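Novice: coordinates only, sequence not included:
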Ligand code: MN
């Protein structure tokens, strides 16, 4: 194994999403939480390598579970940061082909927003709401992630992700996840979502 996973830089400063998400949350979230997933993924790969060589044999199920948890955490956050941009720049409504697709698949932006918000607010304990696109049925699809476990078939790409782990909002919103979710729409970077969508839509 030559390359390791690395913490990608944020595409904006730690205070850029204020007042929707305060600097303290963004700094901790990126430098501590996302970093921990990156470190954990690399550590799990090292444990697999040692296990192959017969050094320090351990239960492979445990290692692979750790790898899945941490690597999913890393990949989800890497998209999440780019899915957001400062209020004023972000937010509003999508345009272009993603807007047309939302209209086709959800019957309008407000209906989509409501359902995605419901998904996020109702993740059991901690996890994510995700928007993906399935070429097989030419449709956008909303799903939930519990913790970091994808409850959805693999190979469907991440278009829009919303982190509803408590570390994403608790310092500012306390237990009011619903307000965090409602405010979060002000920082959604629709240009980024559309770029991801345009790579998939034929
Ligand atoms: Mn997080």
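Specialist: Now that the structure is in, tell me what you want to look at. What you see is a predicted model, and the numbers here were worked out from it, not measured in a lab. Residues are numbered from 1 along each chain as shown.

Novice: leaving aside the residues next to it on the chain, what's closest to the residue of the chain with the smallest separation from the ion?
Specialist: Residue nearest to the ion within the chain (CB to the ion): residue 163, separated by 4.2 Å. Using the backbone N, CA and C atoms, a C-beta is placed for each residue, glycine as well. Leaving aside its sequence neighbours, residue 163 sits nearest to residue 80 (CB to CB, 6 or more residues apart in numbering; 5.4 Å).

Novice: Same question for residue 193.
Specialist: Using CB to CB, 6+ apart, the closest residue to residue 193 is residue 160 (5.0 Å).

Novice: State the helix or strand in which the residue nearest to residue 163 lies.
Specialist: Assigned by DSSP states H and E, residue 80 belongs to helix 60-82.

Novice: tell me which residues in that helix are buried?
Specialist: Under the neighbour-count criterion of 16 or more other CB atoms under 10 Å, helix 60-82 has 63, 66-67, 69-82 buried.

Novice: swap in stretch 138-145?
Specialist: The neighbour-count check on stretch 138-145 (16+ other CB under 10 Å) flags 140, 142, 144-145 as buried.

Novice: picking up where we left off before, could you check how far the residue nearest to residue 163 is from residue 5?
Specialist: For residue 80, the distance to residue 5 equals 16 Å [CB to CB, to the nearest Å].

Novice: before we move on, what about residue 17?
Specialist: As judged by CB to CB, residue 17 and residue 5 stand 24 Å apart.

Novice: now residue 120
Specialist: 26 Å.

Novice: Comparing these two, which residue is more hemmed in?
Specialist: Legend: neighbour count by other CB atoms under 10 Å for residue 120 and residue 5, higher for residue 120 (24 against 17).

Novice: close enough to count as contact, that one and residue 181?
Specialist: Yes. Between residue 120 and residue 181 there is a contact under CB atoms under 8 Å: 4.8 Å.

Novice: okay, and the common contacts of those two?
Specialist: Counting by CB atoms under 8 Å, 6 or more residues apart in numbering, the residues touching both residue 120 and residue 181 are 162, 164.

Novice: Now do the contacts for residue 139.
Specialist: Contacts for residue 139 (CB under 8 Å, 6+ apart) come out as 105, 133.

Novice: Run through the bridge partners of it.
Specialist: residue 134 (DSSP bridges).

Novice: can you give me how far the least confident helix or strand in the chain by mean pLDDT is from the chain middle?
Specialist: Least confident helix or strand, the chain: strand 149-150 with a mean of 73, by mean pLDDT, DSSP states H and E. Here the centre of strand 149-150 is set off from its chain's centre by 11 Å, with CA atoms, centre = their mean, to the nearest Å.
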